[in-house]
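K.L.:
Take this sequence and fold it.
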Amino acid sequence: TFQALFSSGEKARRQAILLLASGTLIALLIIAALICGGLGLLLPFFLLLFCVPETPRYLVMTGRDRQALGVLQRINGEERAERIFNDIRNSIKSETEPLLTYGVLVIFVGIMLSVFQQIVGINAVLYYAPRIFASCGFDNAMLFTVFMGVSNLLFTLVAIFNVERWGRKPLLISGSLGMALGALAFAAANLFGLNPLFAAAAIMVYSASFMFSWGPICWVLISEIFPNTIRGAAVAIAVAFQWIANFAVSSSFVPMYNMEVQPGDHFGHIFVYALYGAFCLLAALFVWRLVPETKGKTLEDMNRLWKK
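P.N.:
Numbers count the residues shown, from 1 in each chain. This is a model prediction of the structure:
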């Protein structure tokens, strides 16, 4: 569903990014409903699924051109919808090509986008935020966690309203640098024993920077960057590497965070966020040097881009 939304026009991309931002909140509400026995609260969710249209590419593939054009017109306007519709029809006629038809680089870029989204360490913060704030010395760690969640949602709005104006690469690069600043500041706060509020602010800068960049924009790029004839297999591989990296980060965080050279020296706090900060800087360099800008391009345009 997210792939379909991300590749169906600017309006749909904004909707998909907002869905990603609010997904955690909805998940928490669903869990609360299940705990309270309120299964009836889930009924509207299932009913709304029937309002989600099929993707234009699927409709063209199954011979429902009129419906496909209608969906595209609703999202992109009549003039642009006609051009996208013709591009889709032409690309659908092409058979699926071998995975390496466009070379190794496009697959490598897709995989590394997924890997960097995880190894910058964001899920360590999202999964263990109360524990991190508590380790900084705060008694009200959950309050800081809630505040961070609200901040994350607000900063996701930056991506929603600027992804088409600023482009994908500027958001990713600026977000990477903001995350590096936050992660390295948190490491410095533990190294030099700075005020806990400074450490909390650093974590929030780190998290907010992810939310307007790698959080939603990585998914946008994964859905846009691959040529149409290898897209299915390439996206599957990229997402598989994302989950592998997610597991590696989430399972290694606690042992690394708790490392001590001497009792109470917070070595793990310093090491793990210095490491994440270094990965953030590498992510910025990777995007700058290797990732093409996909703003304003269709999937069919990507076929021509990677053939050059």
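
K.L.:
which residues in the stretch 151-300 of the chain form helices?
P.N.:
168-192, 196-211, 214-224, 231-257, 267-290, 299-307 (DSSP state H, counting those that start in this stretch).

K.L.:
number of nearby residues for the nearest residue to Leu184 once chain neighbours are set aside?
P.N.:
Nearest residue to Leu184, sequence neighbours excluded (CB to CB, 6 or more residues apart in numbering): Gly277, at 4.0 Å. C-beta: built from backbone N, CA, C; applies to glycine. Using other CB atoms under 10 Å, Gly277 has 23 other residues around it.

K.L.:
Then Cys218?
P.N.:
Cys218: 22 neighbours (other CB under 10 Å).

K.L.:
Quick one: residues contacting the residue nearest to it when sequence neighbours are not counted.
P.N.:
The shortest distance from Cys218 to any non-neighbouring residue, by CB to CB, 6+ apart, is to Gln117 (4.3 Å). For Gln117, the contact set (CB atoms under 8 Å, 6 or more residues apart in numbering) comprises Trp214, Gly215, Cys218, Gln242, Ala245.

K.L.:
Okay, angle between the helix or strand hosting Gln117 and helix 231-257 too, please.
P.N.:
Using DSSP states H and E, Gln117 falls within helix 104-119. Counting by axes from the mean of the first three to the mean of the last three CA atoms, to 10 degrees, helix 104-119 points 40 degrees away from the direction of helix 231-257.

K.L.:
Contacts made by the following helix or strand past helix 104-119 with the rest, please.
P.N.:
Using DSSP H and E, the next helix or strand after helix 104-119 towards the C-terminus is helix 122-135. Contact partners of helix 122-135, identified using CB under 8 Å, 6+ apart, comprise 24, 141-142, 144-145, 148, 179, 200, 203, 206-207, 210, 214-215, 246, 249-250, 253-254, 257, 269, 272, 276.

K.L.:
try 7 Å
P.N.:
141-142, 144-145, 148, 200, 203, 206-207, 210, 246, 249-250, 253, 269 (CB atoms under 7 Å, 6 or more residues apart in numbering).

K.L.:
Could you check the angle that helix makes with helix 104-119?
P.N.:
20 degrees.

K.L.:
Dump helix 122-135 to PDB, restricted to CA.
P.N.:
Coordinates of each C-alpha in helix 122-135 appear next as PDB, following Å, rounded to 0.1, in the frame of the first residue of the first chain:
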ATOM      1  CA  ILE A 122      16.900   5.400  15.400                       C
ATOM      2  CA  ASN A 123      15.100   2.300  16.600                       C
ATOM      3  CA  ALA A 124      17.400   2.200  19.600                       C
ATOM      4  CA  VAL A 125      15.800   5.500  20.600                       C
ATOM      5  CA  LEU A 126      12.300   4.600  19.700                       C
ATOM      6  CA  TYR A 127      12.400   1.200  21.400                       C
ATOM      7  CA  TYR A 128      14.300   2.200  24.500                       C
ATOM      8  CA  ALA A 129      13.500   6.000  25.000                       C
ATOM      9  CA  PRO A 130      12.200   5.600  28.600                       C
ATOM     10  CA  ARG A 131      15.300   3.700  29.600                       C
ATOM     11  CA  ILE A 132      17.600   6.300  27.900                       C
ATOM     12  CA  PHE A 133      15.900   9.200  29.600                       C
ATOM     13  CA  ALA A 134      16.000   7.400  32.900                       C
ATOM     14  CA  SER A 135      19.700   6.700  32.500                       C
END
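
K.L.:
buried residues in it?
P.N.:
Using 16 or more other CB atoms under 10 Å as the test for burial, helix 122-135 gives Ile122, Asn123, Ala124, Val125, Leu126, Tyr128, Ala129, Pro130, Ile132, Phe133, Ala134, Ser135.

K.L.:
which residues of the protein score low on pLDDT?
P.N.:
1-46, 48-49, 91-95, 308 (pLDDT under 70).

K.L.:
quick one: the helix holding Gln117 to chain centroid distance?
P.N.:
With CA atoms, centre = their mean, to the nearest Å as the basis, helix 104-119 stands 12 Å off its chain's centre.
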